[in-house]
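Undergrad: what follows is a predicted protein model with its sequence.
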There are 2 protein chains.
Amino acid sequence: MFRPQIKVVDCTIRDGGLTNDSHFALEMVQAVYRAICAAGVDYVELGYRNSKKLFPPTEFGPWRFCDEDMLRKVTDGVDPNGTKIAVMQDAHKAVAEDVLPADESVVDMIRVATYVKDVDKAIHLARNATDKGYECTINIMAISVEGSHFLDEALQQMEEETDALAVYVVDSFGALYSEEVHELVAKFKKHLKTKEVGVHFHNNQQLAFANTIEGIIKDANFVDGTLYGLGRGAGNCPLELLLSFLKNPKFNLMPVLETIGHTILPLRREIDWGYHIPYMVTGMLNQHPLAAMKWMKCDQKHEFVTFYNEITDDLE
Amino acid sequence: MFRPQIKVVDCTIRDGGLTNDSHFALEMVQAVYRAICAAGVDYVELGYRNSKKLFPPTEFGPWRFCDEDMLRKVTDGVDPNGTKIAVMQDAHKAVAEDVLPADESVVDMIRVATYVKDVDKAIHLARNATDKGYECTINIMAISVEGSHFLDEALQQMEEETDALAVYVVDSFGALYSEEVHELVAKFKKHLKTKEVGVHFHNNQQLAFANTIEGIIKDANFVDGTLYGLGRGAGNCPLELLLSFLKNPKFNLMPVLETIGHTILPLRREIDWGYHIPYMVTGMLNQHPLAAMKWMKCDQKHEFVTFYNEITDDLE
């Protein structure tokens, strides 16, 4: 039943960090790391390795930088059980010099997030990562607005100029339907003869898990999830649903369920991620969720028609 | 872009009534009815027409019976704008005599819900409905556990012995994945040469909307949704997502968004529908959600591993 080539990446701390400027308590990150290792998930992404010049450490929490000593506080004394550690670098907000040689780091994989326009920065960071001994992926964000031939060019460049393991379809806006997922994964596969395709979806239209399944059906072999869907705005593909679907006997769902109950659900007192109408509206209109995130904090947040009209007026 | 044959049924009051024994306030039902009419949705299902002998009216609210005078309190003075009224009869819990001739009723369509084992009761109620002048559908519940040849027999009987407009795939347990939806809709279409196929999905695995799309792709032309997914357990396909996907210019999303903000979200103070881990567990295990609904009311409701173990122990 299961496809052993499929690699699952938990990005709870990294994507969830976009809800609170990466200010998770160390104990929370430790609990998530222990659960992901115990569950036998392939990778756990513990945050960003972004530039401290662009993200002031007075303002952003430690998981925006993932200094090696912070990561060791998370990993020390825990049996990794085969789980590898990833961090993300934003192509336009990170520098190569922040990455140590791999044999001096607890990190196993660097994931480079990029827009199509920043493809050359992304390739630079991807080569830096593999040159220094890391595994690497490149994650193309906002893919629902990247229809031009520059996407094809970028994919071909990534294929020819990097040793990335995989290149990701990232639906930052939560705008895609299944038929679009099928087309995008097929397009990626056409260019990426020596690499895998990855998929990372957001839940604005309650399609993050469903679209992940559709990516898998079209042979995407790197798939992202987060515990209970924790993540920016409407959140992500819930890891618990993904593991249950995949049926790989190496996965153990129990540490995931336990940690959702004990560690993730209590966060809802401060963070209101998940399906909400403003996120649905930006998703259906193929817009960045930022306006919806702001609206969710205003006094009239349930006046959805007003929000819809503001968004569509801005588009005219 | 849109397929004009597709008929949308809002079943907010009917399916939502399974969360509170159909005890919605009249004003709430009026607000939903006005919104669905203003939105141009094809049908609105205002509750059940079930037997008062099996459901004591001292215990169950008026939307379990939908007496004609109650329905008129909802519809009086509202422009239906093309929206037709449906009520549901459970094949094993309703009687033919409770259905007036259609020209004495405000109801346009009777939907008969049935298990495969009750097919002959369902056909009796369906013929009663069409004989009395109503439109009719037959909705086959718990379809994820109906794999036997009796399903094929039942479909063939419905095709040959009734004038139902459509026969529905109803995933009561929220257990189906997209490939199973494709197979079921194809199987239904094979038998139902003169009828449409309908789809009704639950959100235990966050797939209710996604599976509705997959049904539509396979030519299901009757599709169910509810406002903000209100419904039993994990709830249903959210009507707002469905209308946005369908792109039929006759639909107006604004009354739907407004009523979600003003009428549906306030219900969350009393009803906790939507995605929760116990519902996910019964969905992934292809079990009735009843145990999960009970668990959601207990003191240790976040001890998901305990719940999982109880459910799986019961299965052994």
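TA: Structure received. Numbering: from 1, shown residues only, chains lettered A, B, ... in the order given.

Undergrad: enumerate every residue touching the nearest residue to A:G233 once chain neighbours are set aside.
TA: The shortest distance from A:G233 to any non-neighbouring residue, by Cβ to Cβ, 6 or more residues apart in numbering or on different chains, is to A:P289 (3.9 Å). For glycine as for every other residue, the C-beta is placed from the backbone atoms N, C-alpha and C. Taking Cβ atoms under 8 Å, 6 or more residues apart in numbering or on different chains, we find A:P289 in contact with A:S172, A:F173, A:G174, A:H202, A:N204, A:R232, A:G233, A:A234, A:Y279, A:T282, A:G283.

Undergrad: separation between the residue lying closest to A:D272 once chain neighbours are set aside and chain B?
TA: Nearest residue to A:D272, sequence neighbours excluded (Cβ to Cβ, 6+ apart): A:M296, at 6.5 Å. The gap separating A:M296 from chain B is 13 Å, by Cβ to the nearest Cβ, to the nearest Å.

Undergrad: kindly report the same for A:V197.
TA: Per Cβ to the nearest Cβ, A:V197 is found 19 Å from chain B.

Undergrad: please identify the helix or strand for that residue.
TA: Here A:V197 sits within strand A:196-201, counting by DSSP states H and E.

Undergrad: the residue nearest to A:D272: how many residues sit nearby?
TA: Counted with other Cβ atoms under 10 Å in any protein chain shown, residues neighbouring A:M296 total 17.

Undergrad: what's the answer for A:D219, then?
TA: 15.

Undergrad: for it, what are its contacts?
TA: Going by Cβ under 8 Å, 6+ apart, A:D219 touches A:V185, A:K189, A:V197.

Undergrad: again, only using 10 Å
TA: A:R3, A:Q5, A:I6, A:V185, A:A186, A:F188, A:K189, A:E196, A:V197 (Cβ atoms under 10 Å, 6 or more residues apart in numbering or on different chains).

Undergrad: so which of those is the most crowded?
TA: A:F188 leads those on contacts (other Cβ under 10 Å) with 29 neighbours.

Undergrad: so that residue versus chain B, what's the distance?
TA: Relative to chain B, A:F188 is positioned 20 Å away (Cβ to the nearest Cβ).

Undergrad: tell me who's in contact with that residue.
TA: A:140, A:143, A:151-152, A:155, A:158-159, A:166-169, A:195-199, A:215, A:218-220.

Undergrad: same check, this time on A:L18
TA: Going by Cβ under 10 Å, 6+ apart, A:L18 touches A:Y48, A:R64, A:G231, A:R232, A:G233, A:W273, A:P289, A:M293.

Undergrad: the first one: how many residues sit nearby?
TA: Residues near A:Y48, counting by other Cβ under 10 Å, number 25.

Undergrad: of all of the stretch 101-250 of chain A, which residue lies closest to chain B?
TA: The stretch 101-250 of chain A approaches chain B most closely through A:A210 (3.0 Å), counting by Cβ to the nearest Cβ.

Undergrad: how about that residue: what's its closest non-neighbour residue?
TA: Nearest non-adjacent residue to A:A210, counting by Cβ to Cβ, 6+ apart: B:A210, 3.0 Å away.

Undergrad: surely the one you found meets B:E179?
TA: No - counting by Cβ atoms under 10 Å, B:A210 does not reach B:E179; the two are 12.0 Å apart.

Undergrad: shared neighbours, these two?
TA: Counting by Cβ under 10 Å, 6+ apart, the residues touching both B:A210 and B:E179 are A:I213.

Undergrad: who's more crowded, the two?
TA: Neighbour comparison, B:A210 and B:E179: the larger count goes to B:A210, with 28 against 11 (by other Cβ under 10 Å).

Undergrad: tilt between the helix or strand hosting that one and strand B:196-201?
TA: Per DSSP H and E, B:A210 falls inside helix B:208-217. Put simply, helix B:208-217 runs at 170 degrees to strand B:196-201, going by axes from the mean of the first three to the mean of the last three Cα atoms, to 10 degrees.

Undergrad: buried sites along helix B:208-217?
TA: B:A208, B:F209, B:A210, B:N211, B:T212, B:I213, B:E214, B:G215, B:I216 (16 or more other Cβ atoms under 10 Å in any protein chain shown).

Undergrad: over to stretch A:250-258?
TA: Buried-residue list, stretch A:250-258, by 16+ other Cβ under 10 Å: A:F251, A:L253, A:P255, A:V256, A:L257, A:E258.

Undergrad: and chain B, is stretch A:176-185 touching that?
TA: Yes - interface with chain B: stretch A:176-185 contributes A:Y177, A:S178, A:E179 (Cβ under 10 Å from any Cβ of the partner chain).

Undergrad: off-centre distance for that stretch?
TA: 18 Å (Cα atoms, centre = their mean, to the nearest Å).

Undergrad: now it: average pLDDT?
TA: Stretch A:176-185 carries an average pLDDT of 98.

Undergrad: stretch A:75-82 too?
TA: When pLDDT is averaged along stretch A:75-82, the result is 98.

Undergrad: show residues contacting that stretch.
TA: For stretch A:75-82, the surrounding residues in contact (Cβ under 10 Å, 6+ apart) are A:30, A:33-34, A:36-42, A:44, A:46, A:83, A:85, A:106, A:108, A:250, A:252, A:255.

Undergrad: try 7 Å
TA: If you take Cβ atoms under 7 Å, 6 or more residues apart in numbering or on different chains as the criterion, stretch A:75-82 is touched by A:Y33, A:R34, A:C37, A:A38, A:G40, A:V106.

Undergrad: of those, just the buried ones, ChimeraX syntax please.
TA: Only the buried entries of the contacts of stretch A:75-82 go into this ChimeraX selection, using 16+ other Cβ under 10 Å:
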select /A:33,34,37,38,40,106
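
Undergrad: out of the contacts of stretch A:75-82, which is nearest to A:A129?
TA: Closest approach to A:A129 among these (Cβ to Cβ): A:V106, at 14.6 Å.

Undergrad: just checking, what packs against the helix or strand of chain A with the lowest mean pLDDT?
TA: One helix or strand of chain A scores below all others by mean pLDDT, DSSP states H and E: helix A:304-315, with a mean of 93. Packed against helix A:304-315 by the contact rule (3 or more Cβ pairs under 7 Å, 6 or more residues apart in numbering or on different chains; DSSP states H and E) you find helix A:277-284, helix B:253-259.

Undergrad: and those helices as CSV, adding mean pLDDT and distance to B:D98?
TA: Conversion of those to CSV gives the following (pLDDT from 0 to 100; distance: least, Cβ to Cβ, whole Å):
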stretch, mean pLDDT, distance to B:D98
helix A:277-284, 98, 38
helix B:253-259, 98, 29
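
Undergrad: re the thing from before, list of residues touching the strand holding A:V197?
TA: Contacts of strand A:196-201 (Cβ under 7 Å, 6+ apart): A:137, A:139, A:165-171, A:185, A:188-189, A:207-208, A:211-212, A:215, A:220-224, A:237.

Undergrad: centre of the chain versus stretch A:54-64, how much separation?
TA: 18 Å.

Undergrad: before we move on, the earlier item: export the residues of stretch A:176-185 next to chain B to CSV and tack on secondary structure?
TA: What follows is the residues of stretch A:176-185 next to chain B, written out as CSV (DSSP: H, G, I helix; E, B strand; the rest coil):
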residue, secondary structure
A:Y177, coil
A:S178, helix
A:E179, helix
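
Undergrad: closest one of the residues you listed to A:Y308?
TA: Using Cβ to Cβ, A:Y177 comes nearest to A:Y308 of the residues of stretch A:176-185 next to chain B, at 19.6 Å.

Undergrad: okay, and A:A234 sits in which element?
TA: Going by DSSP H and E, A:A234 is not part of any helix or strand.

Undergrad: check contacts around it.
TA: Contacts of A:A234 by Cβ under 7 Å, 6+ apart are A:G174, A:H202, A:N203, A:N204, A:G274, A:Y275, A:H276, A:Y279.

Undergrad: go again with 6 Å.
TA: If you count contacts by Cβ atoms under 6 Å, 6 or more residues apart in numbering or on different chains, A:A234 has them with A:G174, A:H202, A:N203, A:N204, A:Y275, A:Y279.
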